[in-house]
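A.B. asks: Sharing a model prediction with you, sequence too.
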Amino acid sequence: MPSLMVATFYRFATLDDHALMQEPLEACCLEHDVRGIILLANEGINATIAGSNEGVRAVIDSIRQDPRLSELTWKESSAETQPFRKMRVRLKQEIVRMGVSGIDPAQLVGTYVKPEDWNALISDPDVIVIDTRNDYEVDIGTFQGAINPDIQSFGQLPDWIDEQLDLTKQPRVAMFCTGGIRCEKSTALLKQAGVDEVYHLEGGILKYLEEIPEDQSLWEGQCFVFDERVSLGHGLETGEYELCRACRFPIQESDKQSEHYREGVSCPKCHDQTSDEQKTRFAERQQQIELARQRGEQHLSD
């Protein structure tokens, strides 16, 4: 079976009629047997989709027919099996939720830095390098010397910036995230606050891992992705992580050796965070999954 194409893309653009785009876009994806998730909001589009090369490109071509999205670009990787169970096109208030009004990356944003120039920038001791992703993403990989804000959601980043950065000193700040979208908003936030030198990694970590050879890389570990591949390494090769089906956090083989690991029920990260009632419910779900596997079927939660 030929590998599937996975395309990740976003575009900030004013889409006043985004609700009207939902059904035609979902129909286009279904017509071409493409699965994944697409978020639509007044501020733009954000998506990861997977399918055959021809199917994914047909969907992207359809989206780019809209003049407001004609300059949309995407990042490609591959998967041996379909990383999504279904196709979802959702309407949102924001395509990436920060929760700060008045931020418009289409109008004001930091300076893009290409992957080949990123190492030199973040190696400068005068540059503050910030990983804008959630704590569980940072745990499995990040750039050397990057600051981990230790946040559980992107919406917590503005408060962290207020508390930890003295913007009156005009710091030189470099930010990065998985595909670039969170950095668009976070650098726009800093620019709006009056910081002059704000940079972000063009194409995000995924573009860096695709283009920069491992022996020249300052990336350490794996990059978490929000699909069934779970993590990617240099060359966008699928990593060794899996998802704990209880907490949806990434785990590896060493986590499975823990006394707190039960497939589908708990892992070392979430064992102390869930109640006995939740664990019982997870165990019942896992039993249904196992029974479905024995019948040669796939349970919806598997």
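C.D. replies: Cool, got the structure.
A.B. asks: roughly how far is stretch 275-287 from the heart of the chain?
C.D. replies: 28 Å (Cα atoms, centre = their mean, to the nearest Å).
A.B. asks: what's the answer for stretch 73-87, then?
C.D. replies: 13 Å.
A.B. asks: looking only at pLDDT, what's the mean for it?
C.D. replies: Averaged across stretch 73-87, pLDDT comes to 91.
A.B. asks: Please identify the buried residues of the helix ranked longest in the chain?
C.D. replies: Criterion DSSP state H: the longest helix present in the chain is helix 276-294. By 16 or more other Cβ atoms under 10 Å, the buried positions in helix 276-294 come out as 279, 282, 283, 285, 286, 289. C-beta: built from backbone N, CA, C; applies to glycine.
A.B. asks: what are the ranges of the helices in this protein?
C.D. replies: If DSSP H is used as the criterion, the helices of the chain fall at 18-31, 53-64, 115-122, 135-139, 157-164, 181-192, 204-211, 253-256, 276-294.
A.B. asks: Redo those as a markdown table? Include distance to residue 245 and mean pLDDT.
C.D. replies: A markdown table is the format used below for the helices of the chain (distance: least, Cβ to Cβ, whole Å; pLDDT from 0 to 100):
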| stretch | distance to residue 245 | mean pLDDT |
| --- | --- | --- |
| helix 18-31 | 26 | 97 |
| helix 53-64 | 27 | 97 |
| helix 115-122 | 34 | 98 |
| helix 135-139 | 15 | 95 |
| helix 157-164 | 28 | 95 |
| helix 181-192 | 26 | 94 |
| helix 204-211 | 25 | 95 |
| helix 253-256 | 12 | 94 |
| helix 276-294 | 7 | 89 |
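A.B. asks: Give me whichever of these is most buried.
C.D. replies: Most buried of the helices of the chain, by mean neighbour count (mean count of other Cβ atoms under 10 Å): helix 181-192, with a mean of 24.
A.B. asks: next one: phi and psi at the residue lying closest to residue 35 once chain neighbours are set aside?
C.D. replies: Distances taken as Cβ to Cβ, 6 or more residues apart in numbering put residue 84 closest to residue 35, at 3.9 Å, once the chain neighbours are dropped. Phi and psi for residue 84, reported as degrees, to the nearest 10, are phi -130, psi 140.
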